[in-house]
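Q: sequence isn't available, so here's the structure alone:
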């Protein structure tokens with residue numbers, strides 16, 4: 001029997017919002033902690049200082065989150081900015097609220 005797990009698609013940015021990184025994970029809190037602490041120092045997010053979680057959207061199944069990630073990655077920067085502005089117009093770091101839940 002195959003058990004399906006949920007997942008999240010998310011967007012990270014740097015302090016000046018000049019870089020956007022889109023990712024997917026089944027454990028959003030741990031994954032963002034890894035980004036913030038540069039667990040993988042040679043990664044894109046570590047190289048470009050993407051430590052601020054500005055967008056995330058949970059899905060009941062990881063496959064849905066993966067599909068959403070692919071859709072977002074296929075769009076241009078303006079579309080990503082629109083997504084962020086709809087959810088988080090002040091571009092606050094959503095990680096703080098996430099760990100307080």
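A: It's in. Being a predicted model, the structure only gives us computed values, none of them experimental.
Q: as a check, name the ranges of all helices in the chain.
A: 28-36, 44-48, 62-73, 77-87, 95-100 (DSSP state H).
Q: which of the ones you listed sits closest to residue 14?
A: helix 44-48 (5.9 Å; Cβ to Cβ). Bear in mind the C-beta positions are built from the backbone N, C-alpha and C, glycine included.
Q: tell me the helices and strands packed up against that closest one.
A: strand 20-25 (3 or more Cβ pairs under 8 Å, 6 or more residues apart in numbering; DSSP states H and E).
Q: what lies in contact with the strand it packs on?
A: 7-13, 31, 44-45, 48, 50, 62, 65-66, 68-69, 72-73, 77, 80-81 (Cβ atoms under 8 Å, 6 or more residues apart in numbering).
Q: so how far is that strand off the chain centroid?
A: In terms of Cα atoms, centre = their mean, to the nearest Å, the centre of strand 20-25 is found 4 Å from the chain centre.
Q: okay, and the beta partners of residue 53?
A: Beta-bridge partners recorded for residue 53 (DSSP bridges): residue 12.
Q: list the contacts for it?
A: 10, 11, 12, 32, 35, 93, 94, 95, 98.
Q: farthest pair in those residues?
A: Pairwise over the contacts of residue 53, using Cβ to Cβ, the maximum falls at 11 and 98, 13.5 Å.
Q: so between the two, which is more surrounded?
A: Taking neighbours as other Cβ atoms under 10 Å, residue 11 and residue 98 compare with residue 11 leading, 24 against 15.
Q: could you find the closest non-adjacent residue to the more buried one?
A: residue 55 (4.0 Å; Cβ to Cβ, 6 or more residues apart in numbering).
Q: excluding chain neighbours, what is closest to residue 94?
A: residue 53 (4.6 Å).
Q: residue 77 and residue 101: what is the separation?
A: According to Cβ to Cβ, to the nearest Å, residue 77 and residue 101 sit 29 Å apart.
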